[in-house]
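Novice: model the structure of this input:
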Amino acid sequence: MDDGQLNPVALTHQVRVMLFSCPYFSLSCLPVEARDHQHDFAHGLDVDFGLITLPTYSHDDIKVEHYPNSGIKTKVHAFNDFHHCPAASSVHTPPDNQPWRPFHSLLEFDVAELTLEAGFNNDQTDRLIKICHRSSVGKEKFTFRNHKDIHSKWEAASHRITKFTKKVILVPYDGKMWDFDVHYRDLRDLATDLLQDPRLFPHFTFDAQRLSKFDGQTFIRFIDEPFTAQDFWDVQPLAFILYADKTRLSLFGTAKGYPVVALLDSSSSTCLANLPMDIRNGRGIGSGYIVGWLPIVTEDKEHAGKASWVNFKNAVCHESFARITCIMSLTRGIMSLWPCPICLVPRDELWDTSKQYPRRTANTSHDIVMAVWQKDSYEELEELLKQYGLCNLINSLWAIRYSDVHRAFFAEFLRWRNLKHPNQVMSVTFADSSVHEDISKMIIYATHNILTEEDFPLGYLLLRCVRLYLEVDMYAAFEVHTANTISEGRSAVQALTAFMKQYITATDQEDDKNWSFSKLHMTTHLFDDIKAKGATRNYNMKPNEQMHRPLKDSYQNRTNFKNFAEQILCIDHWLLVADDISHQVSDFDEYVKATSQDQVNDIDNIDDNINEDGGDSESDPIIHDLIPLDGSMHVKLGSRQAPQAFSLIENAHRNDDTFTNFRVKLNSFLNVFLPASNIPLPDGKRVHLPLNHTIVECRFLRVNYKSMVDWQQHTDYLHCSPWFFNAPHFDCVFIQTKEKVILGHLLFLFECPVGKDVFPLALHLNLFRVRAKPQAQAEFFSVRSIIHGALLVHDENLDYLVVDTVDTNMFLCVKEMHLQAGHVVRI
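Specialist: Numbers count the residues shown, from 1 in each chain. Purely as a prediction, here's the structure:
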């Protein structure tokens, strides 16, 4: 499309859309060690069907169906062999033997990269260069004289990644032309950069897939990545996700920026949907790229509040976005009569998520705008557009076949993993909406015994609404979805709507709160979007909001505060180039290492060298790799303390009921546990550990487990320490017993040598019924029976409450425990 054909497109203050580009090639990523169970039967041949052996499948086998025109046969993988798109190793492909060029040496690149990442100003850079000259020993040439030399090298290396282009756009208003600067990267050129990168190309998926998992009887379809969802199947795109959001650059908010991020299926920032999520939402190559910097129209008191001024600001944004080839819906925003960019819901009905409304389409929007242009007066034209919530502008993508802006939008349900722990909630300045989400998870546990159904029925009803909101939030956050989880998610939305109706009706006379707002309405589209575009983690805003921090740092440390957009984008581009060179240096080092002879195997460095003092493994040897007798490696102990005899332990804890008769109870436990685990007693005799027998306390535990949501391995880092960062820290765990899964509270974690073997054990309280036993009744169990961690909050006395909304796996685990226990779930 020529620049002259690009027309203004609409933009809201914070937007996130998926842009489907028409495919200009189709490539296939074939599975590794796939088992082909398809059979071709020739027409007209006599076939003895009694001799045909039907395929047999194992539990958890994964079936991959490709788009019919791809020519790829359906494959069935063993679960452990399945990968979305296996990456071909490039270790043995000879890389550039001077990947640091155009820098004269690796030393010069390392110095230049350090000054860039640390945000050195020119004076600091010059001082560092002088230090390097004084300390140079002549192994590598160091030719930098000052910061200008470094800048010239970065400019010489800038061709590695598509650079920013600056354009001046002209937009008419009030009888004159207004000019604005727009900075952008060409998306097609950027996509070409990524496609030509040998490190990324093996990870691309160009042919849509339908995935299903064998449950023992049938294959159940599941959705995770965008290329496993319906829209990708329908369009077969090279897909971008674009994200734009204003941000304050200065401390006082006077300087603002409007970056656009893109991901190949990611954010203006941008990324590609054809890449897997861990690359797309990660850091470095293949993740989000800033692809544009939009102008911000300064408010004019003379025109402020006029409809024409609002349309003018929209036109500036539309025209700017058109340069980046982005799409927006041309709707009038959240205060219009029809505010939703996806469907035609009236503004006053946004609160009622039980109703369905006709969906918008690009064709109908185009026809409406074309029709109103035939009206005789501007007032009549505006009035008719208001009835449909549209702006008087042309969308540039209407000219592109198969594009539909309204289908590209998706409901954003903010969700990410780490739980924040604010000290207060009433006077907090919120940096992002994740803080609101985390506070909502705490509300129920902090107020459930205050806002009781008997004393405060209205407050209790609100708590039930909050609980149902959290359930919707958890279903929205699932990393993998099946038909069942989508159905359960829709049911949770319906339940939330029903209770919200009750609460809104009950408070109608007391509260003037307007519940008709867009984010509540978007729950009606939430699970449609998951079916169409994949799990929400593919397009939530968290990875892109993290990109604001470097922009603010560049503004504060690297600009002269004048014409700062070009300066900030220059630094951003240099950082991308530095990351590209750094990865190529790493690839070169890996290649040299792989091709050298007699390589020494690396020791498995586990990352559980954590102690409460922040010490490292050299000064404090806390790491201990447990080699379990049963071959299981899902648990590893760390933060080992000095060996102690039972007599010392019992004396040190003489006022703690937990350790009453500690040694006697442990002997009894071992004499039952070892035979039950088919482990012979030492010398065939009952265990009787004496008082001077020593054990080793461990205060850290790493547990690998298989998630019930995405079936992948995840890791919990658990602590059992009386003093961790100035406070006691004793975590809770799920424990697998012979009869059932229970909840336990870690009290003491230790290794106990018995005969020639060392057994990792723990002392815990049984919390399955969310009521702890008295500490005097604490029990021993094998660390190997721990499934993963659990989050419980103390209520009162011996009662604890299970926080099942801390993550998606915990949510399903607790739900399964309720089902197995036969609990009646009350909504």
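Novice: residue 300 should be in a strand, yeah?
Specialist: No - assigned with DSSP: H, G, I helix; E, B strand; the rest coil, residue 300 falls outside any strand and is coil.
Novice: what is the burial count for it?
Specialist: When neighbours are defined as other C-beta atoms under 10 Å, residue 300 has 13 of them. For glycine as for every other residue, the C-beta is placed from the backbone atoms N, C-alpha and C.
Novice: am I right that it is in contact with residue 309?
Specialist: Yes - with contacts counted by C-beta atoms under 8 Å, residue 300 reaches residue 309, the gap being 7.1 Å.
Novice: low-confidence ranges, the stretch 501-650 of the chain, go.
Specialist: Residue ranges of the stretch 501-650 of the chain with pLDDT under 70: 540-548, 597-633.
Novice: now residue 680: closest residue in space that isn't a chain neighbour?
Specialist: residue 674 (7.3 Å; C-beta to C-beta, 6 or more residues apart in numbering).
Novice: before we move on, what about residue 731?
Specialist: Per C-beta to C-beta, 6+ apart, closest to residue 731 is residue 718, 4.3 Å.
Novice: report the beta-bridge partners for that neighbour.
Specialist: Note on residue 718: beta-bridge partners by DSSP bridges are residue 701.
Novice: and it, what does it touch?
Specialist: Neighbouring residues of residue 718 by C-beta atoms under 8 Å, 6 or more residues apart in numbering: 700-703, 731, 733, 746, 789.
Novice: also residue 527?
Specialist: 475, 486, 489-490, 493.
Novice: secondary structure of it: a helix, I assume?
Specialist: Yes - assigned with three-state DSSP, residue 527 falls within a helix.
Novice: what's the neighbour count on residue 682?
Specialist: 15.
Novice: no no, residue 71
Specialist: 10.
Novice: going forward, the N-terminal residue is numbered 50.
Specialist: Sure, I'll start numbering at 50, so the last one becomes residue 120.
Novice: give me the neighbour count for the closest residue in space to residue 528 that isn't next to it in sequence.
Specialist: Once flanking residues are discounted, residue 528 sits nearest to residue 759: 4.1 Å by C-beta to C-beta, 6+ apart. Neighbour count of residue 759, defined by other C-beta under 10 Å: 18.
Novice: pLDDT wise, what is residue 73 at?
Specialist: Looking at residue 73, its pLDDT reads 29.
Novice: now swap in residue 65 and tell me
Specialist: 43.
Novice: and the closest residue to residue 740 other than its chain neighbours, what element?
Specialist: Nearest residue to residue 740, sequence neighbours excluded (C-beta to C-beta, 6+ apart): residue 696, at 4.5 Å. Counting by DSSP states H and E, the element that carries residue 696 is helix 695-701.
Novice: all the strands of the stretch 50-199 of the chain, in order from the start?
Specialist: 63-70, 111-115, 124-126 (DSSP state E, counting those that start in this stretch).
Novice: how about the stretch 500-649 of the chain?
Specialist: Using DSSP E, counting those that start in this stretch, strands in the stretch 500-649 of the chain cover 530-531.
Novice: chain neighbours aside, what residue packs nearest to residue 537?
Specialist: Leaving out its chain neighbours, residue 537 is closest to residue 524 (C-beta to C-beta, 6+ apart), at 6.3 Å.
Novice: contacting residues for the one you found?
Specialist: Per C-beta under 8 Å, 6+ apart, neighbours of residue 524: 534, 537-538, 541, 576.
Novice: so residue 808 lies in a strand, does it not?
Specialist: Yes - under three-state DSSP, residue 808 falls within a strand.
Novice: contacting residues for it?
Specialist: 719, 800-802, 831.
Novice: list just the nearest of those to residue 386.
Specialist: Nearest to residue 386 among the contacts of residue 808 is residue 831, at 64.4 Å by C-beta to C-beta.
Novice: okay, now that closest one: neighbour count?
Specialist: If we define neighbours as other C-beta under 10 Å, then residue 831 has 18 of them.
Novice: can you pull the contacts of it?
Specialist: Here residue 831 is in contact with 722, 726, 808-811 (C-beta under 8 Å, 6+ apart).
Novice: repeat that for residue 189.
Specialist: Residue 189 neighbours (C-beta under 8 Å, 6+ apart): 154-157.
Novice: farthest pair within these?
Specialist: Going by C-beta to C-beta, the pair spanning the contacts of residue 189 furthest: 155 and 157, at 7.4 Å.
Novice: who has more neighbours out of the two?
Specialist: Remark: of residue 155 and residue 157, residue 157 carries more neighbours, 22 against 16, as counted by other C-beta under 10 Å.
Novice: what's the distance between that one and residue 638?
Specialist: 17 Å (C-beta to C-beta, to the nearest Å).
Novice: got it, and residue 405?
Specialist: Counting by C-beta to C-beta - residue 405 and residue 638 are separated by 57 Å.
Novice: look up how far residue 183 lies from residue 247.
Specialist: Counting by C-beta to C-beta - residue 247 and residue 183 are separated by 40 Å.
Novice: returning to that earlier point: with respect to residue 170, which of the contacts of residue 808 is nearest?
Specialist: residue 800 (52.7 Å).
Novice: quick one: distance of the strand or helix carrying the closest one to the chain centre.
Specialist: Element membership of residue 800 [criterion: DSSP H and E] is strand 790-803. Averaging C-alpha coordinates over strand 790-803 and over its chain gives two centres that are 32 Å apart (C-alpha atoms, centre = their mean, to the nearest Å).
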